[in-house]
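**Student:** Here's my sequence, what's the structure:
(one chain, ligands or ions: 1)
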Amino acid sequence: MELFDVYPLYDVTPVSAKGIVITDDEGKKYMDLYGGHAVISIGHSHPHYLERIKNQLDRIGFYSNSVKNPLQTQLASKLGQLSNCEDYNLFLCNSGAEANENALKLASFHTNKSRVIAFTNSFHGRTSAAVAATDNEKINAPINKQQKVTFLSFEDFEGFETEIKKDDVCAVILEAIQGVGGLDEPSGIFYRQIAALCKKYGVVLIADEVQSGFGRSGSFFAFQHHGIEPDIITIAKGMGNGFPVGGVLIHKNIKASYGLLGTTFGGNHLACTAVLAVLEVLEEENLIENAHRMGIYFKEKALKIPQVKEIKGRGLMLGLKFEFEVAELRKRLIYNQHIFTGGAKDKYVLRILPALTIKEKDLDHFFSGLINELL
Ligand code: PLP
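**Tutor:** Next up is the predicted model:
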């Protein structure tokens, strides 16, 4: 059997990783400034994470959601405390798309409506309603196009009010900082206006924090920079530091009932342990504060590079916009400088999404590699 060939691959085969360093099968070392699409939050193979997961594996790795699992309640409590979201309940699942799928479904159950408002250049995943709310024709199959989704631009105040008034909208879904799209973010005023109109018209506001959450933006959630309170928050990626896990934070105003949502694997013992370990390290090592500080340091350094036309993002969710498409630059950074970076839907944006443990000297190393390749 061969693999279903959907991924264009770089010619690198990682065999081990520690912190922000990846080692390939020839012993070459690479600096990881991308974390496999923003997944590595506390660094590869963090000792506390390894110890926690190994110990848990020796006890019990999995049982389904038909029995009690105190790790889930511990996780919900710790997450509520660290994120300052104690007015929410937690549903655990397995990926970002699944988190958004459940969020949209809940919004539809809650309002008994079905149209969704999403935003230009959004990315919310590849499953049914999540992909329909993703602004990319190419990954929407005819079956997904049956969903009713209206795409609006950030800052289109008038368009937003016209659409939300129509009384058929169940949810507004947005990334506080767009990831795949290329690091655009709505203004605080637009964000607050959306939140106010959602309240006024009884529409569920979903903050997709799959990429920006868990401290990456320099606060626990990126929407917290704007002082609003979404009805639902979705999480994944950095949450498990590589363990496949996702979650939905649901405001207590939205009531649960048996059977409303469900999953076989979601919230299993190993997944909960991985997330608990991530939360413990984020707290113990002050990593959210570090993300904030390193983001400022990065921007100061990027300002000095004339080829950089725009510096985008917050904390350690960053993008550098150039006047040229960055695909070749990314290749040269990998093969010549041994540095992993990311691309975006906006082909001119280089994405930088390192572990939140990164230090100034690592960013200095990145900038000298970048300058070498820009010469
Ligand atoms: N939402 C956002 C903002 C994302 O960036 C992604 C993945 O890139 C997803 C959802 C989908 O997550 P997953 O690939 O875990 O399904």
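
**Student:** Surely residue 290 and residue 354 touch.
**Tutor:** No. Assessed by Cβ atoms under 8 Å, residue 290 is found out of contact with residue 354, at 10.6 Å. Glycine gets a C-beta too; all of them are placed from N, C-alpha and C.

**Student:** Which one's more surrounded, the two?
**Tutor:** Legend: neighbour count by other Cβ atoms under 10 Å for residue 290 and residue 354, higher for residue 354 (29 against 20).

**Student:** what's the burial count for the residue lying closest to that one once chain neighbours are set aside?
**Tutor:** Nearest non-adjacent residue to residue 354, counting by Cβ to Cβ, 6 or more residues apart in numbering: residue 33, 4.6 Å away. Counted with other Cβ under 10 Å, the neighbours of residue 33 add up to 25.

**Student:** Repeat that for residue 104.
**Tutor:** Look at residue 104: counted by other Cβ under 10 Å, it has 29 neighbours.

**Student:** Contacts only, for the residue nearest to residue 83 when sequence neighbours are not counted.
**Tutor:** The shortest distance from residue 83 to any non-neighbouring residue, by Cβ to Cβ, 6+ apart, is to residue 220 (4.2 Å). Contacts for residue 220 (Cβ atoms under 8 Å, 6 or more residues apart in numbering) come out as 82, 83, 84, 85, 213, 214, 288.

**Student:** Buried residues, the host helix or strand of the first one. List them.
**Tutor:** Mapping residue 82 onto the secondary structure by DSSP states H and E places it in helix 70-83. Within helix 70-83, the residues that count as buried by 16 or more other Cβ atoms under 10 Å are 71, 72, 75, 76, 78, 79, 80, 82, 83.

**Student:** now do stretch 331-351
**Tutor:** Across stretch 331-351, burial judged by 16+ other Cβ under 10 Å covers 333-334, 337-344, 346, 348-351.

**Student:** Same check on stretch 363-374?
**Tutor:** For stretch 363-374, the neighbour count (16+ other Cβ under 10 Å) marks 363, 365, 366, 369, 370 as buried.

**Student:** Closest one of those residues to the ligand?
**Tutor:** Distance to the ligand across the buried residues of stretch 363-374 (Cβ to the nearest ligand atom) is lowest for residue 366, with 21.8 Å.

**Student:** doesn't residue 339 make contact with that closest one?
**Tutor:** Yes. Residue 366 is in contact with residue 339 according to Cβ under 8 Å; the separation is 6.0 Å.

**Student:** list residues touching both of those two?
**Tutor:** Common contacts of residue 366 and residue 339 (Cβ under 8 Å, 6+ apart): 31, 33.

**Student:** what's near enough to touch residue 118?
**Tutor:** Each residue near residue 118 by Cβ under 8 Å, 6+ apart is listed here: 124, 133, 134, 135, 149, 150, 151, 152, 172, 173, 174.

**Student:** Contacts only, for the residue in the stretch 51-200 of the chain that the ligand sits nearest to.
**Tutor:** Residue nearest to the ligand within the stretch 51-200 of the chain: residue 96 (2.3 Å; Cβ to the nearest ligand atom). If a contact means Cβ under 8 Å, 6+ apart, then residue 96 has 124, 125, 208, 210, 211, 234, 235, 236, 237, 246 as its contacts.

**Student:** Let's have these in a markdown table, adding neighbour count and distance to the ligand.
**Tutor:** Formatted as a markdown table, those follow (neighbours: other Cβ atoms under 10 Å; distance: Cβ to the nearest ligand atom, whole Å):
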| residue | neighbour count | distance to the ligand |
| --- | --- | --- |
| 124 | 31 | 5 |
| 125 | 23 | 4 |
| 208 | 32 | 5 |
| 210 | 29 | 4 |
| 211 | 27 | 4 |
| 234 | 32 | 7 |
| 235 | 29 | 10 |
| 236 | 28 | 5 |
| 237 | 28 | 6 |
| 246 | 27 | 6 |
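
**Student:** Switch these over to TSV; also include distance to residue 51, secondary structure and pLDDT.
**Tutor:** Supplementary listing: these in TSV, determined by distance: Cβ to Cβ, whole Å; DSSP: H, G, I helix; E, B strand; the rest coil; pLDDT from 0 to 100:
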residue	distance to residue 51	secondary structure	pLDDT
124	34	coil	98
125	32	coil	98
208	32	strand	98
210	27	coil	98
211	27	coil	98
234	29	strand	98
235	23	strand	98
236	23	coil	98
237	22	helix	98
246	24	strand	98
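
**Student:** Kindly state the beta-bridge partners for the closest residue to residue 12 other than its chain neighbours.
**Tutor:** In space, and not counting its chain neighbours, residue 12 is closest to residue 24: 5.4 Å by Cβ to Cβ, 6+ apart. Beta bridges link residue 24 to residue 14 when assigned by DSSP bridges.

**Student:** again, but for residue 350
**Tutor:** On the basis of DSSP bridges, residue 350 is bridged to residue 320.
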